[in-house]
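Asker: how would this look folded up:
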Amino acid sequence: MNPYVLTTLLSSLGLGTTLTFASSHWLLAWMGLEINTLAIIPLMAQHHHPRAVEATTKYFLTQATAAAMILFASTTNAWISGEWNMTDMSNPIATTMILAALALKIGLAPMHFWMPEVLQGLDLSTGLILATWQKLAPLALIIQTAPAFHPLLLTALGLMSALVGGWGGLNQTQLRKVLAYSSIAHMGWMIIVLQYAPQLTLLTLLTYILMTSAAFLTLKLLYATKISTLATAWSKSPLLTTTTTLVLLSLGGLPPLTGFMPKWLILQEMAKQGLPLTATVMALAALISLYFYLRLCYTMTLTISPDTVTSITPWRTQTNQASTPLALSTVLALGLLPLTPAIMMITI
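Answerer: A predicted model of the protein is given here:
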């Protein structure tokens, strides 16, 4: 892609998200979301592959539906209450509709069906943007309007997303679909604690972005898109294979890695709020997710690739990809757990 066009599109992505962050008016927030969507569409379709075009079309239709729902619900609320401010959501129907639209934007269950299919059709760089940056603006709107939502609705969405994210990833062979279901599960953890401790939602989002960035950048470096191709990773880069295994276990939430921090704090907060049963179900859902991360770890570290590989032979050639972002995100995804007290002091 032409560097000037790429710069324009990436700047528009930043502008759209920043506009949504800075707005308290529904119309301005909607405009930010639209700029965001329109900027990523050419990035998704840049390879002109039939799967990429299909994924782009699915994403565009989904996001257009969600944007139309947001515009309709905010207009309805303004018509009834005379208020466009997003902190003054008094109409329950409009509030529920906006939550459904924002859940569709970020891929919360049961509005998650587009997410694995879209991510599967993209290259890993654009997939990383979709799994991280594109979540920021809708989540900011959910956090700002959280007091207006029914607590039971948020809990149901969070529980369902954690369970669907774990269950859906069990039978996958494509790495991008596994990461899509991982994203759905992590969104569930963010939403379920939102009504009690919004700072924990932000902490979970930060750790999720670090861990997912490390996973996506590693797969991009290894040119891996299927679980079976991970078996050849150890012969190309033993050290990278070791750190990737730890990153995947961090995504699963195992101590002493960074991914344990948000899950531990969220379960603690839910126990404080008198929801031990909900916390137990969430912990069990995390175990289901851990199973498919362990599958990836097993393939990478304990499996020797067969002699007859059906895919292109992965030669050990020097890569021209930048490794600094990968190294930085990997270190942060593995070693932030001891800093939990300091991080909590900053967030609280």
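Asker: point out where the stretch 201-348 of the chain drops to low pLDDT.
Answerer: For the stretch 201-348 of the chain, the stretches with pLDDT under 70 are 305-319, 347-348.
Asker: name the SS class of E83, please.
Answerer: coil (DSSP: H, G, I helix; E, B strand; the rest coil).
Asker: with M345 instead?
Answerer: helix.
Asker: distance of it from A29?
Answerer: Distance, M345 to A29, using CB to CB, to the nearest Å: 31 Å. (Each C-beta comes from the backbone N, C-alpha and C, glycine too.)
Asker: looking at those two, which is more packed in?
Answerer: Between M345 and A29, counted using other CB atoms under 10 Å, A29 has the larger neighbour count: 25 against 8.
Asker: residues contacting the more buried one?
Answerer: Under the criterion of CB atoms under 8 Å, 6 or more residues apart in numbering, the neighbours of A29 are L19, T20, S23, I70, M86, A137, L141.
Asker: just put these in TSV and tack on distance to T7, neighbour count and pLDDT.
Answerer: As requested, the contacts of A29 are exported to TSV (distance: CB to CB, whole Å; neighbours: other CB atoms under 10 Å; pLDDT from 0 to 100):
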residue	distance to T7	neighbour count	pLDDT
L19	18	19	95
T20	21	24	95
S23	24	20	90
I70	28	25	95
M86	31	19	86
A137	20	26	95
L141	27	25	94
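Asker: in helices, which of the residues you listed fall?
Answerer: Within the contacts of A29, residues falling in helices by DSSP state H are L19, T20, I70, A137, L141.
Asker: now the two most distant members of those.
Answerer: L19 and I70 (14.1 Å; CB to CB).
Asker: could I get the ones in helices among the contacts of A29 as a markdown table with distance to V178?
Answerer: Below are the ones in helices among the contacts of A29 laid out as a markdown table (distance: CB to CB, whole Å):
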| residue | distance to V178 |
| --- | --- |
| L19 | 33 |
| T20 | 29 |
| I70 | 30 |
| A137 | 25 |
| L141 | 28 |
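Asker: and which of those residues is nearest to Q46?
Answerer: When the ones in helices among the contacts of A29 are compared against Q46 (criterion: CB to CB), the nearest one is A137, at 21.8 Å.
Asker: find the nearest non-adjacent residue to that closest one, please.
Answerer: T20 (3.9 Å; CB to CB, 6 or more residues apart in numbering).
Asker: and the one you found, what is it in contact with?
Answerer: Here T20 is in contact with L28, A29, G32, L33, N36, A137, A140, L141 (criterion: CB under 8 Å, 6+ apart).
Asker: one more time with 6 Å
Answerer: Under the criterion of CB atoms under 6 Å, 6 or more residues apart in numbering, the contact list for T20 reads A29, G32, L33, A137.
Asker: residues near the third one, how many?
Answerer: Read it as L33. 27.
Asker: in terms of helices and strands, where is it?
Answerer: L33 is part of helix 26-44, with elements assigned from DSSP states H and E.
Asker: can you pull the contacts of T145?
Answerer: Neighbours of T145 in contact, by CB under 6 Å, 6+ apart: M86, M89.
Asker: list the buried ones in the host helix or strand of it?
Answerer: Here T145 sits within helix 133-145, counting by DSSP H and E. Buried residues in helix 133-145, counted by 16 or more other CB atoms under 10 Å: W133, Q134, K135, L136, A137, P138, L139, A140, L141, I142, Q144, T145.
Asker: closest one of those residues to L254?
Answerer: Closest to L254, out of all of the buried residues of helix 133-145 and judged by CB to CB, is K135, at 23.3 Å.
Asker: from I209, how far out is the closest one?
Answerer: 8 Å.
Asker: and for L265?
Answerer: To I209, L265 is 17 Å away according to CB to CB.
Asker: same thing with L139?
Answerer: In terms of CB to CB, L139 sits 11 Å off from I209.
Asker: before we move on, the earlier item: tabulate the contacts of A29 (CSV), appending distance to L9.
Answerer: Below are those laid out as CSV (distance: CB to CB, whole Å):
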residue, distance to L9
L19, 16
T20, 17
S23, 21
I70, 23
M86, 27
A137, 16
L141, 22
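Asker: from these, which is closest to A55?
Answerer: The closest of the contacts of A29, once distances to A55 are taken by CB to CB, is A137, at 20.1 Å.
Asker: confirm for me that the closest one is in contact with T17.
Answerer: Yes: counting by CB atoms under 6 Å, A137 touches T17, with 4.7 Å between them.
Asker: residues that sit against both of those two, list them.
Answerer: In contact with both A137 and T17: N36, using CB under 6 Å, 6+ apart.
Asker: to the chain's geometric centre, what's the distance from stretch 34-48?
Answerer: 18 Å (CA atoms, centre = their mean, to the nearest Å).
Asker: can you point out the buried residues in it?
Answerer: Buried residues in stretch 34-48, defined by neighbour count with 16+ other CB under 10 Å: E34, I35, N36, T37, A39, I40, L43, M44, A45, Q46.
Asker: just the mean pLDDT for it, thanks.
Answerer: On average, the pLDDT along stretch 34-48 is 94.
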